[in-house]
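got a structure for you, letters missing:
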């Protein structure tokens with residue numbers, strides 16, 4: 001592997017200054033400075049987001065859309081401003097195409113439920129072996145309930161998505177293509193624009209799971225031309241309990257509502273209920289008001305750093321981590337696709353992933369260990385669990401060194 005010159009890299013922003021925006025990063029674990037490398041599971045939170053939530057609860061809280069008093073109007077304005085921020089973040093054409101959900105998982109389930117009436121026995125749903133369970137199980141519901149056929153797009157040994165093999169799976173019976181933008185295990189970036197083009201040529205609808213992709217690279221849903229794109233707030237340096245679904249307006253308004261209740265209706269009589277158009281059609285009940293405001297603040301924070309800058313910084317972390325991990329004896333990384341994200345799932349020969357994770361935790365290094373909710377992908381590689389180090393906009397090259405030092409200690413302990 002080509003050696004990365006750590007001293008030659010010039011960060012696109014002041015990483016140490018950025019780190020001060022995240023209070024938790026000054027924490028010590030077992031007396032050692034925290035090295036947080038579990039961003040793929042959930043990212044840490046900037047003060048700007050925390051302050052926005054505090055202000056919403058302490059100065060401007062009320063229910064939205066239903067009141068005419070000052071607090072309700074203010075909360076509604078802030079809530080809908082967050083929708084506009086999310087629209088801009090994804091470059092969606094209209095705020096009417098941005099539905100707030102509690103997560104990517106709920107967003108995908110919303111689409112799967114809404115499309116169920118279009119699925120007949122023998123119709124095909126194409127997903128990939130890279131998928132998180134959240135983009136597998138909802139489609140399995142359609143296999144169980146409607147007799148749909150699920151097809152799995154393969155990858156190469158290095159994790160590369162095989163576009164030609166994907167294309168071979170498409171037929172006139174293909175109704176839905178549901179694909180991750182970036183794997184949460186290998187970091188593989190799927191060419192979603194080409195996937196969408198090929199699927200549309202067959203008349204299939206396309207959903208992109210952007211849980212990782214939207215975190216690590218700029219996203220333009222109009223350029224991709226996907227029908228649906230799902231994101232989750234807690235990975236985007238925002239609150240938990242909030243996510244968003246982009247959907248083309250005409251398609252959203254054809255989907256049957258996912259939940260019933262207040263806000264999603266036009267009229268309710270004893271004999272008839274009529275439904276609102278998107279996005280409110282899918283936002284039954286009191287929404288996650290403050291969480292949405294927090295999401296807006298976190299997305300604004302990312303935009304202030306520059307999403308291209310974030311991508312450049314993380315690319316440098318990826319290259320440096322790839323070099324340093326290659327220096328650890330008996331360590332195997334799963335997935336080395338070109339231009340992958342800064343996500344490394346690995347094993348050390350003869351040592352269980354959970355044991356590695358627990359030992360390096362005592363060194364202050366936080367990684368994930370387990371299946372990463374991607375059991376079919378791990379089965380593809382012939383393993384049942386791995387460790388995963390996933391990097392974010394505030395991580396540093398020095399933290400890569402800390403990871404490697406901790407792994408060597410673990411290796412010595414179990415060697």
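Sure, I can see it. These numbers were taken from a predicted model, which means no experiment stands behind them. Numbers count the residues shown, from 1 in each chain.

What are the buried residues along the strand or helix carrying residue 16?
For residue 16, the host element (DSSP states H and E) is helix 15-19. By 16 or more other C-beta atoms under 10 Å, the buried positions in helix 15-19 come out as 15, 18. (Each C-beta comes from the backbone N, C-alpha and C, glycine too.)

try stretch 356-374
In stretch 356-374, counting by 16+ other C-beta under 10 Å, buried: 356-357, 359-361, 363-374.

Likewise for stretch 134-147?
Result for stretch 134-147 [16+ other C-beta under 10 Å]: buried residues 134-136, 138-139, 142, 146.

So which of the buried residues of stretch 356-374 sit within helices?
The helices, defined by DSSP state H, take in 356-357, 359-361 from those.

how about the residues you listed, which pair is most distant?
Put simply, by C-beta to C-beta the two of these set farthest apart are 356 and 361, 9.4 Å from each other.

Run through the strands of the stretch 151-300 of the chain in chain order.
Listed in chain order, the strands of the stretch 151-300 of the chain (DSSP state E, counting those that start in this stretch) span 174-180, 205-209, 228-232, 243-247, 265-268, 273-275.

Need the contact partners of the last one.
Strand 273-275 has contacts (C-beta atoms under 8 Å, 6 or more residues apart in numbering) with 257, 260, 264-267, 281.

what do you get for the first one?
Under the criterion C-beta under 8 Å, 6+ apart, residues 108, 115, 118-119, 123-128, 130-132, 135, 139, 148, 151, 153, 170, 190, 192, 195-196, 199, 202-209, 211-213 lie in contact with strand 174-180.

That strand to strand 205-209, inter-axis angle?
20 degrees (axes from the mean of the first three to the mean of the last three C-alpha atoms, to 10 degrees).

quick check: angle from strand 174-180 to strand 228-232?
30 degrees.

Adding distance to residue 249 and pLDDT as columns, could you present the contacts of strand 273-275 in JSON lines?
Listed next are the contacts of strand 273-275 as JSON lines, based on distance: C-beta to C-beta, whole Å; pLDDT from 0 to 100:
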{"residue": "257", "distance to residue 249": "15", "pLDDT": "94"}
{"residue": "260", "distance to residue 249": "21", "pLDDT": "95"}
{"residue": "264", "distance to residue 249": "16", "pLDDT": "94"}
{"residue": "265", "distance to residue 249": "19", "pLDDT": "93"}
{"residue": "266", "distance to residue 249": "17", "pLDDT": "93"}
{"residue": "267", "distance to residue 249": "21", "pLDDT": "94"}
{"residue": "281", "distance to residue 249": "11", "pLDDT": "96"}
